[in-house]
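Trainee: how would this look folded up:
(chains A and B)
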Amino acid sequence: AQSVTQPDIHITVSEGASLELRCNYSYGATPYLFWYVQSPGQGLQLLLKYFSGDTLVQGIKGFEAEFKRSQSSFNLRKPSVHWSDAAEYFCAVGVRGNTPLVFGKGTRLSVIA
Amino acid sequence: GAGVSQSPSNKVTEKGKDVELRCDPISGHTALYWYRQRLGQGLEFLIYFQGNSAPDKSGLPSDRFSAERTGESVSTLTIQRTQQEDSAVYLCASSSRGPSYNEQFFGPGTRLTVL
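Mentor: Next up is the predicted model:
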């Protein structure tokens, strides 16, 4: 069965600094890959997704992610973090059309001045 | 409506009581999913409805959990004889049908607290 690992439970960065959140997946083929963000008291919002093609994917709010097949990774990056980016970030995997997603346990991002 | 809605937003109940959680998906979305998010954990899949097909119940943790869906509209998740370990945020999502993987749109969730 597929699985998703987010090794960092909590990350703190300074406002304006760069950010990278790690995600590794386990699956025999190339899955569909997603990053979601959950702000306090809010539902999940899709940041970006990878289905095929260009391995560098651009998303909303200035985020991007790179799919690396050799490392089974799909790390999320942002060049300059804003205080409003403080939230919980979830990486997720889907394996075929419209089946339930498998989520990592999330990484909580704190942003300090 | 503009998005997936869920009610109630918060539910506090006593151990042993039954609860019903409601989800209204985006109009026209054929697929509906229920997930559970326990404190400090990711989302766990519970049950999945796709059109008129039999639901995928493989994620339900026990027979105390059940869910129904009326056609391609509202869904209700029922937890009978609630236990403290059922305390969690229950999230509903919906997606449309298509040839590829379709984005799941999530509701705000119902926070369930079992005392």
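
Trainee: quick one, what contacts the residue positioned nearest the centre of chain A?
Mentor: Nearest to the geometric centre of chain A sits A:Trp35, at 3.5 Å (Cα atoms, centre = their mean). Under the criterion of Cβ atoms under 8 Å, 6 or more residues apart in numbering or on different chains, the contact list for A:Trp35 reads A:21, A:23, A:46-49, A:59, A:63, A:65, A:74, A:76, A:89-92. For glycine as for every other residue, the C-beta is placed from the backbone atoms N, C-alpha and C.

Trainee: any residue of stretch A:46-63 up close to chain B?
Mentor: Yes. Judged by Cβ under 8 Å from any Cβ of the partner chain, stretch A:46-63 comes into contact with chain B through A:Leu46, A:Lys49, A:Phe51.

Trainee: spell out which parts of chain B neighbour chain A.
Mentor: That would be B:4, B:31, B:33, B:35, B:40-45, B:48, B:50, B:56, B:59, B:91, B:93, B:95, B:97-104, B:106-109, which are the residues of chain B within reach of chain A (Cβ under 8 Å from any Cβ).

Trainee: how close does the residue nearest to the residue nearest to the centre of chain A when sequence neighbours are not counted sit to chain B?
Mentor: By the measure of Cβ to Cβ, 6 or more residues apart in numbering or on different chains, the closest residue to A:Trp35 outside its immediate chain neighbours is A:Leu47, 4.4 Å from it. Applying Cβ to the nearest Cβ, to the nearest Å, the value for A:Leu47 to chain B is 11 Å.

Trainee: from memory A:Leu47 sits against A:Tyr36, does it?
Mentor: Yes. In terms of Cβ atoms under 8 Å, A:Leu47 counts as a neighbour of A:Tyr36; the distance is 6.4 Å.

Trainee: point out where chain A drops to low pLDDT.
Mentor: A:97 (pLDDT under 70).

Trainee: quick check: beta-bridge partners of the residue sitting nearest the centre point of chain B?
Mentor: With distances taken as Cα atoms, centre = their mean, the residue of chain B nearest its centroid is B:Trp34 (3.0 Å). Under the criterion DSSP bridges, B:Trp34 forms beta bridges with B:Ile47, B:Cys92.
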